[in-house]
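Chemist: here is my input; please provide its structure:
(10 chains)
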Number of protein chains: 10
Amino acid sequence: MEFLVRTVNNLPPDTPPERREELRRAERARARELREAGILKRLWRVPGTTGTVGLYEAADATELHDALASLPMFPWMTITVEPLATHPQEREA
Amino acid sequence: MEFLVRTVNNLPPDTPPERREELRRAERARARELREAGILKRLWRVPGTTGTVGLYEAADATELHDALASLPMFPWMTITVEPLATHPQEREA
Amino acid sequence: MEFLVRTVNNLPPDTPPERREELRRAERARARELREAGILKRLWRVPGTTGTVGLYEAADATELHDALASLPMFPWMTITVEPLATHPQEREA
Amino acid sequence: MEFLVRTVNNLPPDTPPERREELRRAERARARELREAGILKRLWRVPGTTGTVGLYEAADATELHDALASLPMFPWMTITVEPLATHPQEREA
Amino acid sequence: MEFLVRTVNNLPPDTPPERREELRRAERARARELREAGILKRLWRVPGTTGTVGLYEAADATELHDALASLPMFPWMTITVEPLATHPQEREA
Amino acid sequence: MEFLVRTVNNLPPDTPPERREELRRAERARARELREAGILKRLWRVPGTTGTVGLYEAADATELHDALASLPMFPWMTITVEPLATHPQEREA
Amino acid sequence: MEFLVRTVNNLPPDTPPERREELRRAERARARELREAGILKRLWRVPGTTGTVGLYEAADATELHDALASLPMFPWMTITVEPLATHPQEREA
Amino acid sequence: MEFLVRTVNNLPPDTPPERREELRRAERARARELREAGILKRLWRVPGTTGTVGLYEAADATELHDALASLPMFPWMTITVEPLATHPQEREA
Amino acid sequence: MEFLVRTVNNLPPDTPPERREELRRAERARARELREAGILKRLWRVPGTTGTVGLYEAADATELHDALASLPMFPWMTITVEPLATHPQEREA
Amino acid sequence: MEFLVRTVNNLPPDTPPERREELRRAERARARELREAGILKRLWRVPGTTGTVGLYEAADATELHDALASLPMFPWMTITVEPLATHPQEREA
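Modeler: Prediction:
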């Protein structure tokens, strides 16, 4: 099942640069694992922000939640999850 | 997978009573089928309205959509679907 | 009477892990008591968040409030309570 | 249990005056019955509108809903119901 | 003139218990005075929160404001005030 | 007591010009009476709309409501009323 | 450049079935052309609605607008367009 | 003084094409006059809609309002006007 | 040109009383100057808050901005500015 | 492609004046570079705030994002980006 996942990054502006870079690297590594697992399919940057919109696929919302909660940045993120149904035009495709 | 489904009923107030009753009976019949299929699990009335909140279960959002779209009242309803993940406290239960 | 209860968890991200775990265990214990008292009936995780949606039953809003206020996490939660009326389809059931 | 009930009146502006007056009288009569039944306790006009805020008391949301749905103006009203808990300061009073 | 007054309590969760209790007692005392002055007429707890909905009566919004601003918790409260007009059904009563 | 009153004009775009002009003249006449009665004190046009913001004065919300409800355009207006308290800086003035 | 496009379908519920089917077929045909042109890349159904979320690609917002405005259903749709920036994680991919 | 003006076009979808074209031409003509008068400076299409965002200049909000109200499409438009102050960076420019 | 200006005061509740009083006096002094300059015309207290609604007059939004930015409380205020056009009823007056 | 970019400045009120001035100068310098690069075209002050509305031009949202993220104030800004399509009236111009 596919989900549209929107994240807002609440990391305080005065977070020390090293800590920020450390989190960024860990986040990138974990994201790569989620891609390899077929869970994270596409990720876009919301322009002008440190937030993202992403296309995810998981068996259900519980599996999706566990994947999102495993992201190092999870404690500093506000995440909204929207379920997507297959559109008739893409059922035959 | 479980979903929380909220419906707002937009049937115009001046809909002839017979038409309203006919739709109501068809809706009730279809709802009973969805219960028997294990898709509709609980249904509540939002007090003071003709809207509902319901607990549904389906393989994914596509199956849920098809069930909701099969309701006779579907053309007159504004529906919002919220995905639910299993809470850790209920994973062991 | 049944209520739909939505919680948002505002525990700061930099809360020490031990303190977080201590609260989590206390919360879980209190929740078990509320289940046994028939007040907490179902609890779901809002995917991507540390928030919940729950189905509660209480004599009235005052009894529900006292139950919610007794949760160890209460001071760090934003809670919205929605009253649920019995749907005609479930009155006969 | 007490509820705060807010109504917005959607009766179209070009409703014939006689029909409007007929509904108004029927509404007033039904409201009087709800007062006598101890369900409708206070009713205020939201200034500048044809809407109201009301204090209602009922066993639960289901009884409240049935009372509200019995109002002649029900099909033309958008109603929101807010549950009220007894405040500690009024528990002793 | 009557007003519907809604308060949200922003006292930080980690406020020391003694300070919280001290404020609570002062608030309760001041509220009793406002009741005796006929300004505070009814007060409810918004279930699941530390907020309130209250029915107040004052000569005008200025007198109401001074009463609300005199509450010890005033600096930590977000307050919205809604003016209430007498409903025709209660004019004759 | 002073109020800030905001109106949105819902008169349908295809209202016949004569009907529109008739209502406009009646509205202007009634507004003049409210000015003479000291109820309507200032009226501004919300630029780009047919809506208004106005400063009104009345004994209370009930008197204000009766004045607003007496406006010929009342059935086609969405009105919000905000109570105003006297600012300390203007108490001495 | 990629865009996230959300549509809400406002076709009145009482639209004659033949007209609805005619529009649906025309819409499907035009959508196929937009896919072949590489403009429409993915399309999902918002569960419980007749609305969609879609991933589009166009040189800029003007080209995107022309594509969306060419859809037979355009006059009955409320569309919101969100620009997407390439995420650093997908720049190297 | 400069203003940012946002319009939403509410012309019903089933407006006869000739009437729509007639309005469009009249709107375009009037817009050209406003450009020549230096009032309308830039106009953009909100992608996916029949709405616009525009940069206008006028002596004040009253002159701006009269210009907007003179547009043939005015009765079918929802318009919001935002005042713009000169930015320090552009004061010296 | 006239403007309706709404302020929300974000001064932290635990601001030392002397500092609060110092700011209040400076704010009052500056407000008096703006009155004498004909910029600040009326100021009301939003009941139940430390916020205000005010009627201001300035050549344009830039002059208004400079006046508002000169207020000692400016760094702690959330301000929204609404442009007002002269209403036809007040053009002849 | 043109974008409308809205910024809200979240720099804490108690930021030391020297730090604030240092950031302001760096921001001004970077903005000048973006003007010379043809990316920043117009910038306005939202009256009563430290926020801005700006007209930007970039190849796409990714280039725009990089420009915005390069602003020294970026970590303290909430930015919303709106894509603009060319209006038919300006296509011939």
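
Chemist: CA atoms for contacts and neighbours, from now on please.
Modeler: Noted.

Chemist: give me the neighbour count for residue A:36.
Modeler: 11 (other Cα atoms under 10 Å in any protein chain shown).

Chemist: let me fix that, I meant to ask about residue A:18.
Modeler: For residue A:18, the count of nearby residues is 9 (other Cα under 10 Å).

Chemist: for residue A:91, give me the pLDDT.
Modeler: As predicted, residue A:91 sits at a pLDDT of 86.

Chemist: would it count as being in a helix?
Modeler: Yes - Residue A:91 sits within a helix when classified using DSSP: H, G, I helix; E, B strand; the rest coil.

Chemist: ok, now how distant is residue A:50 from residue I:15?
Modeler: 32 Å (Cα to Cα, to the nearest Å).

Chemist: looking at these two, which is more packed in?
Modeler: Taking other Cα under 10 Å, residue A:50 and residue I:15 do not tie; residue A:50 has more neighbours (19 against 10).

Chemist: what sits against that one?
Modeler: A:8, A:9 (Cα atoms under 8 Å, 6 or more residues apart in numbering or on different chains).

Chemist: do the same with the one 4 residues further on
Modeler: Residue A:54 makes contact with A:4, A:5, A:6, A:40, A:41, A:42, A:43, A:44, according to Cα under 8 Å, 6+ apart.

Chemist: surely the last one and residue G:84 touch.
Modeler: What it means is residue A:44. Yes - counting by Cα atoms under 8 Å, residue A:44 touches residue G:84, with 6.0 Å between them.

Chemist: those two: who's more crowded?
Modeler: The neighbour comparison of residue A:44 against residue G:84 (other Cα under 10 Å) goes to residue G:84, with 25 against 22.

Chemist: can you check the pLDDT for the more buried one?
Modeler: For residue G:84, the predicted pLDDT is 98.

Chemist: what residues does chain A put near chain I?
Modeler: For chain A, no residue is in contact with chain I (Cα under 8 Å from any Cα of the partner chain).

Chemist: now the most centrally placed residue in chain A, nearest residue through space, not along the chain?
Modeler: Centrality entry for chain A: nearest residue to the mean C-alpha point is residue A:54, 5.5 Å, by Cα atoms, centre = their mean. Distances taken as Cα to Cα, 6 or more residues apart in numbering or on different chains put residue A:43 closest to residue A:54, at 4.3 Å, once the chain neighbours are dropped.

Chemist: and chain G, is the longest helix along chain A touching that?
Modeler: The residue-count maximum for a helix in chain A (DSSP state H) belongs to helix A:17-36. Yes - remark: helix A:17-36 sits within contact range of chain G at residue A:28, by Cα under 8 Å from any Cα.

Chemist: can you give me the buried ones in that helix?
Modeler: For helix A:17-36, a neighbour-count test (16 or more other Cα atoms under 10 Å in any protein chain shown) marks A:27, A:30, A:31, A:34 as buried.

Chemist: next SSE downstream of it?
Modeler: strand A:40-45 (DSSP states H and E).

Chemist: ok, residues contacting the least confident helix or strand in chain A by mean pLDDT?
Modeler: The helix or strand of chain A with the poorest confidence is helix A:88-92; it has a mean of 87 (mean pLDDT, DSSP states H and E). Outside helix A:88-92, the residues that touch it by Cα under 8 Å, 6+ apart are G:28, G:43, G:45.

Chemist: and the first one, what does it touch?
Modeler: It stands for residue G:28. Residue G:28 neighbours (Cα under 8 Å, 6+ apart): residue A:89.

Chemist: out of the contacts of helix A:88-92, the closest to chain J would be?
Modeler: Set against chain J, the nearest of these by Cα to the nearest Cα is residue G:43 (20.5 Å).

Chemist: low-confidence ranges, chain A, go.
Modeler: Along chain A, segments meeting pLDDT under 70 span A:92-93.

Chemist: quick revisit: hmm, residue A:34 and the residue nearest to residue A:54 touching each other?
Modeler: No - between residue A:43 and residue A:34 there is no contact under Cα under 8 Å: 11.5 Å.

Chemist: near chain J, which residues of chain A?
Modeler: A:13, A:47, A:48, A:49.

Chemist: which of those are close to chain G?
Modeler: Answer for the residues of chain A next to chain J near chain G (Cα under 8 Å from any Cα): residue A:47.

Chemist: quick check: of the residues of chain A next to chain J, which has the highest neighbour count?
Modeler: Counting by other Cα under 10 Å, top hit in the residues of chain A next to chain J: residue A:47 with 29 neighbours.

Chemist: residue J:58 is in contact with that one, correct?
Modeler: No - using Cα under 8 Å as the test, residue A:47 is too far from residue J:58 to be in contact (11.9 Å).

Chemist: quick check: neighbours shared by these two?
Modeler: With Cα under 8 Å, 6+ apart, residue A:47 and residue J:58 have common neighbours residue J:64.

Chemist: what is whichever strand or helix holds residue A:7 packed up against?
Modeler: Assigned by DSSP H and E, residue A:7 belongs to strand A:2-9. In terms of contacts (3 or more Cα pairs under 8 Å, 6 or more residues apart in numbering or on different chains; DSSP states H and E), strand A:2-9 is packed against strand A:52-57, strand A:77-86.

Chemist: what pairs with the shortest one, and is each one parallel or antiparallel?
Modeler: Translated: strand A:52-57. Pairing partners of strand A:52-57, with direction, according to DSSP bridges: strand A:2-9 (antiparallel), strand A:40-45 (antiparallel).

Chemist: and residue D:20, which of these is closest to it?
Modeler: strand A:2-9 (47.5 Å; Cα to Cα).

Chemist: quick one: the closest one to strand B:77-86, angle?
Modeler: 80 degrees (axes from the mean of the first three to the mean of the last three Cα atoms, to 10 degrees).

Chemist: residues in contact with strand A:2-9: which ones?
Modeler: Under Cα under 8 Å, 6+ apart, the answer for strand A:2-9 is A:50-58, A:76-85.

Chemist: report the buried members of those residues.
Modeler: Looks like these have A:50-58, A:76-77, A:79, A:81-85 buried, using 16+ other Cα under 10 Å.

Chemist: what bridges to residue A:45?
Modeler: Counting by DSSP bridges, the residues bridging with residue A:45 are residue A:52, residue G:85.

Chemist: is it in contact with residue G:83, as I believe?
Modeler: No - using Cα under 8 Å, residue A:45 is not in contact with residue G:83; the gap is 9.3 Å.

Chemist: I appreciate the help and will end here.
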